[in-house]
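Q: Sequence plus predicted model, see below.
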Amino acid sequence: MKRFLLFIFLVIALTLPMVPASVTAQDFGLQEGDDIGFIMPGDAVAAEAEAAPAPGGSAFVMAAPGRVGVGQPFLVRLTSDQPLDSVSIHWLGKEVVPSISVWNNRHVALAMLGTDVLSAKPGKEELSVIASIDGKENTFRRTVQITPVDYPKQELTLPKKMVTPPTEVYDRIKTDRVATSAAKNTLTPQRLWGLPLERPVSGKITSLYGLQRILNGKPKNPHRGQDLRSPMGNPVKSTADGVVILVGEHYYAGNSIYIDHGNGVVSMYFHLSKPIVKEGDKVQRGQAIGLSGMSGRATGPHLHFSLSVLGKLVDPEPLFLNDVDKMLK
Ligand SMILES: [Zn+2]
């Protein structure tokens with residue numbers, strides 16, 4: 001027994017120092033000692049990387065998935081051993097200019113993209129990246145296959161007034177939409193998010209992203225977020241570092257908070273009983289931003305969480321479960 005304990009002690013003692021102390025590296029999914037030529041994840045297309053012998057024979061690697069499910073988020077990572085003057089990524093008619101960081105003599109740009117279960121159709125979409133290296137512009141194109149996802153269905157029968165809002169609130173709903181649409185499409189130059197995201201509450205998921213809802217026999221928009229069990233007054237945490245861009249009181253969402261995490265990523269928290277931050281506040285990952293409740297159109301206390309990526313509401317689940325490296329595999 002003593003020998004066994006000694007063995008366990010040795011194993012722990014020997015492996016502990018091997019755990020990387022740097023959080024920055026993990027932020028990009030890069031490991032100390034990674035070779036620039038070999039960090040291509042399995043799904044990255046080799047031809048794309050080979051087609052990119054940048055000026056002066058430098059290495060430039062673009063990692064992005066070849067296939068993505070409808071509604072699913074994904075990452076694009078560019079790594080160069082030459083300084084990246086600028087990078088712009090084009091996807092579904094939107095452009096994001098990711099912030100560039102230097103780590104271990106490599107220049108890295110990381111962006112989150114995705115499609116929305118409401119509007120995305122299975123098929124091919126083009127992803128293009130323009131990277132300026134040493135004053136020379138290089139364009140890389142990649143075809144991303146959007147694949148169907150079999151999201152669950154739910155039939156509900158609800159009192160008519162809960163399904164169709166009364167006409168006197170139409171104007172209010174319209175005004176809400178203008179404010180929320182602007183917030184969802186916020187695009188700021190500095191990336192503040194990192195992966196995995198923090199779950200805003202610890203309660204279990206009661207309604208999944210993508211759920212096809214049929215109310216009183218009529219198909220409604222799919223659920224574009226997650227409902228999480230959360231009792232009245234339970235603290236709700238920010239999913240990542242960011243800046244509060246909207247604290248609203250809306251017809252459907254009730255008391256809601258929108259947080260900008262940079263480079264087109266915005267998180268949303270609905271049905272709160274009370275927000276405890278105000279617009280302009282800087283928040284950290286895990287910081288309490290409000291108390292959960294059942295304001296707006298909610299049948300009971302819970303938290304509705306949504307994540308907008310360049311205005312597309314994506315499934316947040318993979319971002320809670322995976323770090324950057326896993327997302328790129
Ligand atoms: Zn919901």
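A: Received it, and whenever you're ready, just let me know what you need.
Q: When you work out contacts or count neighbours from here on, use the C-alpha atoms and nothing else.
A: OK.
Q: Let me know how buried the nearest residue to Phe60 once chain neighbours are set aside is, in neighbour terms.
A: Nearest residue to Phe60 in three dimensions, chain neighbours excluded: Ser80, at 4.4 Å (CA to CA, 6 or more residues apart in numbering). A count of nearby residues for Ser80, using other CA atoms under 10 Å, gives 22.
Q: Ser80 and Asn105, how far apart?
A: 9 Å (CA to CA, to the nearest Å).
Q: try Ser267
A: Ser267 is 32 Å from Asn105, by CA to CA.
Q: low-confidence ranges in the stretch 151-300 of the chain?
A: Filtered on pLDDT under 70, the stretch 151-300 of the chain yields the residue ranges 162.
Q: repeat for the stretch 1-150 of the chain
A: Checking the stretch 1-150 of the chain against pLDDT under 70 turns up 1-58.
Q: now the strands: where do they sit in it?
A: 60-63, 67-69, 73-80, 84-91, 94-96, 100-103, 106-114, 123-133, 136-147 (DSSP state E, counting those that start in this stretch).
Q: among these, which is the most enclosed?
A: Mean neighbour count, computed with mean count of other CA atoms under 10 Å, is highest for strand 60-63 among these, reaching a mean of 25.
Q: which helices and strands sit right next to that strand?
A: Identification of packing neighbours for strand 60-63 by 3 or more CA pairs under 8 Å, 6 or more residues apart in numbering; DSSP states H and E yields helix 46-50, strand 73-80.
Q: what sits against the residue in the stretch 151-300 of the chain positioned nearest to the ion?
A: Minimum separation of the stretch 151-300 of the chain from the ion (CA to the ion) falls at Asp227, amounting to 4.6 Å. Each residue near Asp227 by CA atoms under 8 Å, 6 or more residues apart in numbering is listed here: 205-208, 302-305.
Q: sorry, back to before: can you tell me which of the strands of the stretch 1-150 of the chain is nearest to the ion?
A: Closest among the strands of the stretch 1-150 of the chain, once you apply CA to the ion, is strand 73-80, at 18.3 Å.
Q: Residues contacting the closest one, please?
A: Applying CA under 8 Å, 6+ apart, the contact partners of strand 73-80 are 36, 58-65, 68, 106-115, 309, 314-316, 318-319, 324, 327-328.
Q: again, but for stretch 245-252
A: By CA under 8 Å, 6+ apart, stretch 245-252 touches 169, 172-173, 176, 183, 254-260, 275, 277-280, 296-298.
Q: Those residues: which ones sit near the ion?
A: With respect to the ion, and counting by CA under 5 Å from the ion, no part of these is in contact.
Q: coming back round to it: with adjacent residues omitted, what lies nearest to the residue of the stretch 151-300 of the chain closest to the ion?
A: His304 (4.4 Å).
Q: what about the one you found, how many residues close to it?
A: 27.
Q: That one contacts Tyr269, doesn't it?
A: Yes - contact criterion CA atoms under 8 Å: His304 and Tyr269 qualify, at 5.9 Å.
Q: shared neighbours, the two?
A: Common neighbours of His304 and Tyr269 (CA under 8 Å, 6+ apart) do not exist.
Q: tell me which parts of the stretch 151-300 of the chain are close to the ion?
A: Going by CA under 5 Å from the ion, the residues of the stretch 151-300 of the chain near the ion are Asp227.
Q: for the stretch 151-300 of the chain, what spans make up the strands?
A: With DSSP E, counting those that start in this stretch as the criterion, the stretch 151-300 of the chain has strands spanning 153-156, 205-207, 212-215, 218-219, 226-229, 235-237, 242-250, 254-260, 265-275, 282-283, 288-292.
Q: nearest to Ala131, of these?
A: strand 265-275 (21.0 Å; CA to CA).
Q: Just list what the closest one packs against, helices and strands only.
A: Using 3+ CA pairs under 8 Å, 6+ apart, strand 265-275 sits against strand 254-260, strand 288-292, strand 302-309.
Q: and the protein, what are its domains?
A: What automatic domain parsing lists as the domains of the chain is 26-149, 153-321.
Q: most neighbours per residue, which of these?
A: Most buried among those, counting by mean count of other CA under 10 Å: domain 153-321, with a mean of 19.
Q: Give me the distance between the two termini of it.
A: Using CA to CA, the two ends of domain 153-321 sit 23 Å apart.
Q: what's the spacing between Gln145 and Lys124?
A: Taken as CA to CA, the span from Gln145 to Lys124 is 5 Å.
Q: just Asp260 next, same as before
A: According to CA to CA, Asp260 stands 29 Å off from Lys124.
Q: element containing Lys326, please.
A: helix 324-327 (DSSP states H and E).
Q: ok, back up a step: let me know the closest of the contacts of Asp227 to Ser88.
A: Phe305 (28.5 Å).
Q: Quick check: the gap between the closest one and Lys153.
A: 19 Å.
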